[in-house]
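Novice: Give me coordinates for this.
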Amino acid sequence: MGKRYYCDYCDRSFQDNMHNRKKHLNGVQHHRAKKAWYDHFRDAAAILYDEQTKKPCRKFLQKGICDFPNCRFSHMSEEELFHLKRQVEDERRHREDSEDRIMPEPSVEDWLTRREKRQSALSSKGDLKTKEGNEEGQAEIDIPQQFLSIPDLPPSLLPPPPGGWRVKVNTEWG
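Specialist: Coordinates of the predicted model:
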């Protein structure tokens, strides 16, 4: 059967030889699929700006398809442009709203230095009651959101449950 070449952009495979691969990589379908893949990662505002600066493609408007792989004209309908404009406006509004509401989060390094200072202050004090009182007050420590968003944190990084950790006493060692 021989080796087969699989194109991720086009989601198809074919016999791998120089002629077939060159024919596929220079084909219209491959160019369109590759452009669609990379456009998927572009910002909606950049796509809107590019499409608004281009003139509409006559072939695309007449036939619904354009034969040129690198056509310099726009292939978006008025309806698609309208939806893209709405999406850009919604993203802008959402970004502005979130910037107004959210205060900048402290960095992990800041949190670690504050935590280290608290622990050194607690260890320097010899009073056990003071330690317990401070630990209970710090039970709801301002743990950075970066830690809480990571799934499957090791137990050492998880915050203690309300009421503290349960301790099992092993009586077999006696």
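
Novice: name the element Gly163 belongs to?
Specialist: Gly163 belongs to no helix or strand when elements are defined using DSSP states H and E.

Novice: Walk me through the domains of the protein.
Specialist: Listed by the TED database, the domain ranges of the chain are 1-41, 43-105.

Novice: Dump those domains to TSV, plus mean neighbour count, distance to Pro160 and mean pLDDT.
Specialist: C-betas here are computed from N, CA, C, even on glycine. Output for the domains of the chain, formatted as TSV (neighbours: other CB atoms under 10 Å; distance: least, CB to CB, whole Å; pLDDT from 0 to 100):
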stretch	mean neighbour count	distance to Pro160	mean pLDDT
domain 1-41	12	41	89
domain 43-105	12	22	84
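
Novice: Can you lay out those domains as TSV showing distance to Leu158?
Specialist: Shown next, in TSV, are those (distance: least, CB to CB, whole Å):
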stretch	distance to Leu158
domain 1-41	34
domain 43-105	19
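
Novice: Could you say which one of those comes nearest to Glu116?
Specialist: The minimum distance between Glu116 and the domains of the chain falls on domain 43-105, with 18.8 Å, by CB to CB.

Novice: any idea how far the closest one is from the chain center?
Specialist: How far domain 43-105 lies from its chain's middle: 21 Å, per CA atoms, centre = their mean, to the nearest Å.

Novice: One more: stretch 30-47?
Specialist: 17 Å.

Novice: How about stretch 158-170?
Specialist: Worked out by CA atoms, centre = their mean, stretch 158-170 lies 34 Å from the chain centre.
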